[in-house]
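> Just need the structure, nothing else, for what follows:
(chains A and B)
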Amino acid sequence: MSPEHHFDLLQTRRQFFGQTGLRLGGLGLTYAMGADAFAAPSAQQVHPPLPGLPHFAAKAKAVIYLHMNGGPSQLDTWDYKPGLQQWFNKDIPPSVQGGQRLTGMTSKQARFPVAPSLFKFAQHGQCGRWVSELLPHTAKHVDDIALVKTIHTNAINHDPACTYVMTGREVPGYASIGSWLSYGLGSPSNDLPSFVVLTPNWKAKAAAQALFTRMWSSGFLPGKFSGVALRAVGDPVLYLKNPDGVSATQRRAMLDTLNQLNEHSFQKFGDPEIQTRISQYEMAFRMQTSLPELVDLKQESQATLDMYGPDVTKPGTFAASALLARRLIERGTRVVQLLHRGWDQHNNLPGDHRLQCQDTDQPIGALLSDLKQRGLLDSTLVVWGGEFGRTAYSQGTLTETNYGRDHHPRNFCMWMAGGGVKGGTSYGESDDFSYNIATDPAHLNDFNATILKLCGIDHERLSYKFQGLDARLTGVEKQHVIKEMLA
Amino acid sequence: MPPRRAHTFIIAAAILSLSGAVGHAANPALQFNRDIRAILSENCFACHGFDAKKRKADLRLDTAEGAYTAIKDEFPIKPGDLAKSTVWQRIMTTDEDELMPPAESHKKLTVAQKDTLKRWIEQGAPYQKHWAFEAPLKPKAANSIDAWLALRLASENQKPAPEADRSTLIRRVSFTVTGLPPTLAEVDTFIADTSPQAYEAMVDRYMKSPRYGEEMARHWLDVARYADTHGLHLDNERSMWAYRDWVVRAFNDNLPFDQFTVWQLAGDLLPNATPDQITATGFSRCNVTTSEGGAIDDEYRHLYAVDRASTLTQAWLGLTGGCAQCHDHKFDPITTKEFYSLYAFFYSSADPPMDGNIANTMPVMKLPLGQQQQALDTAIKAEAMARAALDAAAAKGKPNLEARSTSGETTIEDVLFDDTFPLGIEVKNTSRNPSVWDDKPSYGAKSGHRTLRLSNGHYCDESIDFALKPITLAKQPKLSIWARLDPLSPPRAIAIALNGRRFYWGAEGVMDGPQLGSASGQIHSGPLPKLGEWTLLSVDPTALGFKPGTAINKVSMQQIGGSVSWDKCSLTGTPMADNAPLMPFEQWWKSTNKKASPDLLAALADTFKAGPDAVKDEVKRKALSDFYIAVIARPFTPEIAQLRSAWEAARATRQAAESAITSTFVFKDMTTPRDTFIAERGQYTKLGDKVEPSVPTAFSPFIKAKPDARATRLDLAHWLVSAQQPLTARVTVNRYWQQIFGIGLAKTSHDLGSQGEPPSHPELLDWLAVTFRESGWNVRQLIRSMVTSAAYKQQSIITPEALAQDQDNRLLARGPRLRLDAEQIRDNALFVSGLINLEVGGRGALTYQPPNIWEPVGYENSNTRYYLQQHGPALYRRSLYTFLKRTAPPPFMSNFDAPNREQSCTRRERSNTPMQALQLMNDVQHFEAARALAERVLGEAKKEDSSRLAWLFRTVLARSPDARETTLLLEALAKQRQLYQADPAAANQAIHTGESQPKDIAPAPETAAWTMLANLVLNLDETVTRN
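Numbers count the residues shown, from 1 in each chain, chains lettered A, B, ... in the order given. Here you go, the predicted structure:
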């Protein structure tokens, strides 16, 4: 290696160590910057954005995506259909059903009796949004929420629909929305992953549907953009903890030598990958400190803990995960996803939906309040929804007090709140049976295009070469940002 | 004389535009394939290409004819005349409405690209057919890999690097060929070998190793998307590891690649197909499948055929055929119709659209090994004979079937199960993770030779319903069962239940809770039995409120997590007057409610179902009562008792012989093919024209064995490996080049079509392709030619000039330097530590895995929801053999870029992340390996620290440490030693990581200090690099 070249490389390295503040043994305290964690992107970022991104200025700097896995019923939460009470146990008119595709679970049913929601709805907020009694805490925030009642998707069963809602395709192999955001925007945190996934536990008694790592994997994008699972059992991040009998001092000593030997190796081979590896080991070491600090909820005030509810102190609950989501974005993580299972109520929907909402409603309300109190809601986009909705007719036996609902991809509800969202709006209307779209359809890809837009990304210009095509989250068809949701 | 090849490469005039890898030199001679196609393909073909439906303004620019033909008196391209070439005018216009490519396409030509196009039109705009779509001819300018590379290097004024030293070479070869590092002895042998053939001899030693097939198979299994679960929804286990093992064998046997192709696509259609040839067809069954409750058959039948056709297109043709699923390919000559013609080969497959969530979704092939088939045949005969003897004894006796008493008996024993489940029962398991019969387990059966093992990560209940054999409680009843708790996977609680009421062992209250079954009554019966020992659990059913005479129709074994072996479950007591199964025959017949069990002989089923009131025929009644005496009722005579137990034993032996034989997914066609249609825009609900199986005709003629008959998969396979077919050989050698050198000659190894990157050395690729085909598709010879090339043997030092000129090392002016793959990294640690278990093949091994990888994602009832780690040697199997669950793959694999095998993958990423650092430092697998390696150091090296250090270093890196490395490592050792001497308890903890025990060669602090040092060396960049 020529001396000049070596000098250049050393310079690069010194700059790296010097300017990134490679904190040997130090705490990663990016979060001390609070709401400003996203303010000053610089060349020092471990997760830099793509050149030219964001495409335009945007308010949302971070995304918290709350995925209700299994398919929450729009009829029992957000899509108020008082007229259906008169239709109790009467068959849904064929003109409404319109020969739509049904799943194999109800396609052979002899009858399709309408099941009006058992839950009471009331109007909330300045906007007067009708919300089910299942969601008393979320209801307090309707003026910050932009609701869409006419989301539709292509898939009618869980596996393909889950894959679709997260990757824009029904079949495996494509990049998830979180990894797209992470790929495009990077993240300002040098101590934490840019895209974090939590899979909280749930209360519904019915067998919960599966999740798939492809819902947060990077698909065809480079692997480093995959979501990192933050875990409630074992290490918060895989392999984070030193083996028993290895202290932080020992790990630090080992790393010091490792870095020197790798540096020695770099001098010999000149491979820039060696430098990258040195920096990755340093980030790993920082994560060993930043993550335990992150998941230590004892630092939160009692008032905050109370707001999220009694479950918040139990690791792995939705409440604990929601609070962790706030702590993560506060520290500069770009995307946090909570995937809450157990929403697939083919029978006993009233009982199980009640349990599911007990898990989630108070923490979601608390999360919105908490973000707002800290001035973070303006820069954080909160997204709520499942992979599809549920049928107006009952699956299985309908009684005065009980019913089930099958999958319904033709219209369902999702909402957004926070960064750049026009609160208090509602987009689209379903028909009287919440079975078809009456006005303003919004395809899931439109919804995803809107998420990207709110994050400063033109969904047509964020692409990646895959199998000879410029693959995009929103697919090859023309998609439309839902402008009515934008502030 | 062969036609002059359109894309003959003029070396002396070469200009290279390899993704900026290589500097440009001014040169006017442009070539369409090399210089122009990529620009047009990227910017124009989407609207002006092969896809007629999307073509705008009737203009196509992918052919000379399209470009030269005037439309409305305007020439798109007028060769040599920029002013009259509309294309050029539209590119250069300042009018935004006129500009091409249009703004909404978000495509933009660079100044350099515009200049290139300008010069090309000026030079006459000559077209060439896409390089990969003409059959390769053997170019003659050179005759070896190195000669071709040298021509190119010379044209760039570059020189190859010197040969690497021997330590580097042997480690490079060993990893490339076997996926493992060399042993110290192998390093010493090679370094000491002064013969001129030393290198080749070393290569050949590795290529003859059975590890060669394993390393080669690994890469192909990515292409084949092999895994151990179905992949969709429940993602339950599937059994097709025999296919994986066949791939290993095929490479070790050096099966020629044309046969490798034919067997996998159509092995079942070969005359007198062998089990291996049929096993190989598993390739087309490796796709993900579903059995989701609401899933629609037609949809999945369509999706599977799409996957199979696309995988074939990618694996052999190196094209992204999946595009044509929805529309004519925009860039390559595959029409939608042709795609669906390929799809038609797979649309009539015999496998069902719903996999049934079972491990053996039909069609499968049983694969008896060694004496297994013979053993089964013998067992079947023995069982039939035993049954015949029992039936004969039952038929000849004329016991009083209405007798009610059992005079003379003081106690009775009803065996609920022992070596088999009794006849006519139904077994249900709440977890879909059924029990397993272990035959002659190492710890011995408590009764007979088989034991029933239940394993789970959470609560599970295995219930036996006695449909055909009603049992009633005797007086002073006692329920007994043997249990043995696996000390390595202890459950939290165990229970035995009768009719849903249970006795449980474990902490009091541990069985309370909503997700722990719904017992209608339960009694805490004590703490868990001692681990690893057979314990007789014996309880009094009356304690749970059962009265003598109660009909027992269900017995259940329950446990929370862990692994438990159960043996001989029985009910004893003193008989009551009407104690079944001594109940009168007629009463029994009535009591069964006419529910026929599958175990009931078919000949008796109608009689049985009709019920005693309906059947008057004495012969029929007699036949059923004989059956009752033979196998249902408690034996009437000592002879029947003896014959019954002989038959039960024979039945157990037959079942053991049957279940010992594995089965594997194979591909078969339906007897009558299903009509196949184009799915318009890829939607299975919108069927277009009907299609017949065929191939894309642009490439080479399709010759069917029977010209007038429907094309078969065998015709398809033969077409793929025919000499005229331009792609298979190129795609294959390119993929092997990528495997050996890290990057393909054509970088986009999955796409050699016009959207792919043109090859760095087109003539070398063609030369290799033809040489490979002419060698009889000899894979081993091909690999050998690459690893014995001078290019491969170069030093991998990256000079500043090289980094600037050729960052990706496309010209091979230096040796390849690559991060090891996921499997190699884990296998390396196991190998140098001596922990590795080199057992070949079999069901996927469940090695160490951090908690909560499967559980948070798995469907509640999936049999891969709860990860049940194995113990002992299974933990140290090669990574190739670890169990691969698609929806939650082993983190050690995905962390280092292994694909999840949900779809075909021809090229892995090589990422560099903090998660990898954490794994290598802290994963129990790696830290335990460091301990074992440390103990090897302490036991095998000379005693001085510096000798030990050198030994450690050489064992891992095949070279000695230099002075600086020695100094740094000695300092590190001193530091760790000091820390551990101050804290022996910590040292003791550290060396007890993992399940293998330290050998106590040195005091704990010393072993621990060396463990940290081994951990350090195993984390070196050089360690995880093929240098």
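> tell me the contacts of A:Ala253?
For A:Ala253, the contact set (CB atoms under 8 Å, 6 or more residues apart in numbering or on different chains) comprises B:972, B:975-976, B:979. (Glycine included, C-beta is placed from N, CA and C.)
> Report how many residues lie close to the closest residue to B:Arg936 other than its chain neighbours.
Nearest residue to B:Arg936, sequence neighbours excluded (CB to CB, 6 or more residues apart in numbering or on different chains): B:Gly834, at 5.6 Å. The tally of other residues near B:Gly834 (other CB atoms under 10 Å in any protein chain shown) stands at 16.
> Hmm, B:Ala932 and B:Gly834 touching each other?
Yes: B:Gly834 lies in contact with B:Ala932 (CB atoms under 8 Å); the separation is 5.9 Å.
> Up against chain A, what does the stretch 701-850 of chain B have?
B:750-751, B:753, B:755-756, B:796-800, B:803, B:817, B:819, B:850 (CB under 8 Å from any CB of the partner chain).
> In strands, which of the residues you listed fall?
B:Arg819 (DSSP state E).
> Which among the residues of the stretch 701-850 of chain B next to chain A count as buried?
The neighbour-count test (16 or more other CB atoms under 10 Å in any protein chain shown) marks B:750-751, B:753, B:755-756, B:796-800, B:803, B:817, B:819, B:850 as buried among these.
> Please work out how many residues are found near residue 137.
Here I'm looking at chain A. 19.
> oops, chain B please
Quick note: B:Leu137 (other CB under 10 Å) scores 15 neighbours.
> Please identify which helix or strand holds whichever residue of the stretch 151-300 of chain A sits closest to chain B.
Per CB to the nearest CB, the residue of the stretch 151-300 of chain A with the smallest distance to chain B is A:Gly245, at 3.0 Å. Element membership for A:Gly245 (DSSP states H and E) is empty, with no helix or strand holding it.
> so what's it up against?
If you count contacts by CB under 8 Å, 6+ apart, then A:Gly245 has B:985-993, B:1008 around it.
> Distance to A:Thr138 and neighbour count for those residues - can I get that in JSON lines?
Output for those, formatted as JSON lines (distance: CB to CB, whole Å; neighbours: other CB atoms under 10 Å in any protein chain shown):
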{"residue": "B:Ala985", "distance to A:Thr138": "51", "neighbour count": "11"}
{"residue": "B:Ala986", "distance to A:Thr138": "49", "neighbour count": "19"}
{"residue": "B:Ala987", "distance to A:Thr138": "53", "neighbour count": "26"}
{"residue": "B:Asn988", "distance to A:Thr138": "52", "neighbour count": "18"}
{"residue": "B:Gln989", "distance to A:Thr138": "47", "neighbour count": "16"}
{"residue": "B:Ala990", "distance to A:Thr138": "49", "neighbour count": "31"}
{"residue": "B:Ile991", "distance to A:Thr138": "53", "neighbour count": "31"}
{"residue": "B:His992", "distance to A:Thr138": "49", "neighbour count": "18"}
{"residue": "B:Thr993", "distance to A:Thr138": "46", "neighbour count": "23"}
{"residue": "B:Ala1008", "distance to A:Thr138": "53", "neighbour count": "31"}
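> Count the neighbours of residue 230 for me.
Since no chain was named, I'll use chain A. Neighbours of A:Leu230 (other CB under 10 Å): 26.
> meant chain B actually
The burial count for B:His230: 27, using other CB under 10 Å.
> quick one: A:Val63 from chain B, how far?
21 Å (CB to the nearest CB, to the nearest Å).
> Verify the contact between that residue and A:Val383 for me.
Yes: in this structure, A:Val63 is within contact of A:Val383 by CB under 8 Å, at 6.6 Å.
> shared neighbours of those two, which are they?
A:Ile451.
> out of these two, which sits in the busier spot?
When neighbours are counted by other CB under 10 Å, A:Val63 and A:Val383 differ, and A:Val63 comes out ahead with 29 against 22.
> That one belongs to a strand, doesn't it?
Yes: assessed with DSSP: H, G, I helix; E, B strand; the rest coil, A:Val63 lies in a strand.
> what does the model give it for pLDDT?
In this prediction, A:Val63 carries a pLDDT score of 98.
> so what's it up against?
A:Val63 neighbours (CB under 8 Å, 6+ apart): A:178, A:181, A:334-336, A:380-383, A:451, A:455.
> Need the three-state assignment for the residue found closest to A:Val165 once you drop the neighbours it is linked to in the chain.
If the residues on either side of it in the chain are set aside, A:Val165 comes closest to A:Glu387, at 4.5 Å by CB to CB, 6+ apart. Classification of A:Glu387 using three-state DSSP returns coil.
> now swap in the one 10 residues further on and tell me
Recorded secondary structure, A:Thr397: coil (three-state DSSP).
> hmm, back to that, now do the residue of the stretch 151-300 of chain A closest to chain B against B:Gln978, distance only.
Separation of A:Gly245 from B:Gln978 (CB to CB, to the nearest Å): 15 Å.
> picking up where we left off before, so which of the contacts of A:Val63 is the closest to B:Asn252?
A:Gly178 (42.3 Å; CB to CB).
> Can you get me a residue count around the closest one?
Neighbour tally, A:Gly178, other CB under 10 Å: 26.
> Contact partners for it?
So A:Gly178 contacts A:63, A:65, A:166, A:195, A:197, A:216, A:227, A:335, A:337 (CB under 8 Å, 6+ apart).
> And for B:Arg814, nearest residue in space, chain neighbours not counted?
Going by CB to CB, 6+ apart, B:Arg814 has B:Ala161 as its nearest residue, at 4.4 Å.
> That neighbour: which element?
Counting by DSSP H and E, B:Ala161 is part of no helix or strand.
> which residues touch it?
B:794-797, B:813-815.
> Pass me the low-pLDDT residue ranges in the stretch 201-350 of chain A, would you?
A:206-207 (pLDDT under 70).
> B:Thr847 and B:Gln587: what is the separation?
55 Å.
> try A:Val335
In terms of CB to CB, A:Val335 sits 69 Å off from B:Gln587.
> Compare those two and say which one has the larger neighbour count.
Neighbour count, other CB under 10 Å: between A:Val335 and B:Gln587, A:Val335 has more, with 29 against 16.
> pretty sure that one is touching A:Lys61, no?
No: contact criterion CB under 8 Å: A:Val335 and A:Lys61 do not qualify, at 10.6 Å.
> residue boundaries of the helices in the stretch 51-200 of chain A?
Along the stretch 51-200 of chain A, the segments classed as helices by DSSP state H, counting those that start in this stretch run A:94-97, A:136-139, A:158-167, A:177-185.
> my bad, should have said the stretch 601-750 of chain B
B:602-610, B:618-627, B:638-659, B:713-720, B:728-741.
> Helix, strand, or coil at the spatially closest residue to A:Ala449 that is not a sequence neighbour?
Closest residue to A:Ala449 apart from its sequence neighbours, by CB to CB, 6+ apart: A:His459 at 4.1 Å. Judged by three-state DSSP, the three-state class of A:His459 is coil.
> Before I go, just wanted to say thanks for your time.
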